[in-house]
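Novice: quick one, fold the following:
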Amino acid sequence: SFPGGRRDPADGDAVATALRETREELGVAVAPTSVWGQLRTLPDRHGMTVAPVVANLGPLEALTLNPNPDEVEEVFTLPLAHLLREENQGYTHFRTASGYGYTLPVFLNGPHKVWGLTAIITELTLELLVPGRY
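Specialist: Numbering: from 1, shown residues only. Next up, the predicted model:
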């Protein structure tokens, strides 16, 4: 999943929350000027509203991550080229007890399967970054 958490009273808005959570969870200080924008809000499975924020962190090779062991078990990245390969893209079909069915994206063939809200946010981001290719 991406860094995230509840908005603190001191956070001015969703962007401030995202920047704070990224600093607390990954040890990365992201400048507000690096923020590209906010995606549409999404509900999570607990009924909370999630406000994804997209920012440019620069080259991954230049980042020094210092994950908080109390909040982060493991960190991994996937190159854009990997996410854009059709063999690494899929969909998972779900059915609820009431018979309602829905489909969510999934990204495969990396160190982990990316699914759920993380895959939805990844898909929305790819649609913005590489329209026509995804």
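
Novice: the closest residue to G27 other than its chain neighbours: what's it in contact with?
Specialist: Residue nearest to G27 in three dimensions, not counting chain neighbours: N66, with 2.9 Å by C-beta to C-beta, 6 or more residues apart in numbering. All C-beta spots, glycine's among them, are computed from the backbone N, C-alpha and C. Each residue near N66 by C-beta atoms under 8 Å, 6 or more residues apart in numbering is listed here: L26, G27, V28.

Novice: and of those residues, the nearest to Q89?
Specialist: For the contacts of N66, the minimum distance to Q89 (C-beta to C-beta) is 25.7 Å, reached by L26.

Novice: from P105, how far off is that closest one?
Specialist: 24 Å (C-beta to C-beta, to the nearest Å).

Novice: all helices for this structure, in order.
Specialist: For the chain, the helices defined by DSSP state H cover 14-26, 80-84, 116-129.

Novice: list the residues that contact the closest residue to L126 other than its chain neighbours.
Specialist: Distance criterion C-beta to C-beta, 6+ apart; nearest residue to L126, sequence neighbours excluded, is Y134 at 4.1 Å. Residues counted as contacts of Y134 (C-beta under 8 Å, 6+ apart) are L83, L84, E123, L126, E127.

Novice: restricted to buried residues, select the contacts of N66 in PyMOL.
Specialist: In PyMOL, this line selects whichever of those come out buried by 16 or more other C-beta atoms under 10 Å:
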select buried, resi 26+28
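
Novice: of the contacts of N66, which is the nearest to G5?
Specialist: L26 (12.1 Å).

Novice: just the buried residues from the contacts of Y134, in PyMOL please.
Specialist: Of these, the buried ones go into a single PyMOL selection, burial set by 16+ other C-beta under 10 Å:
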select buried, resi 83+123+126
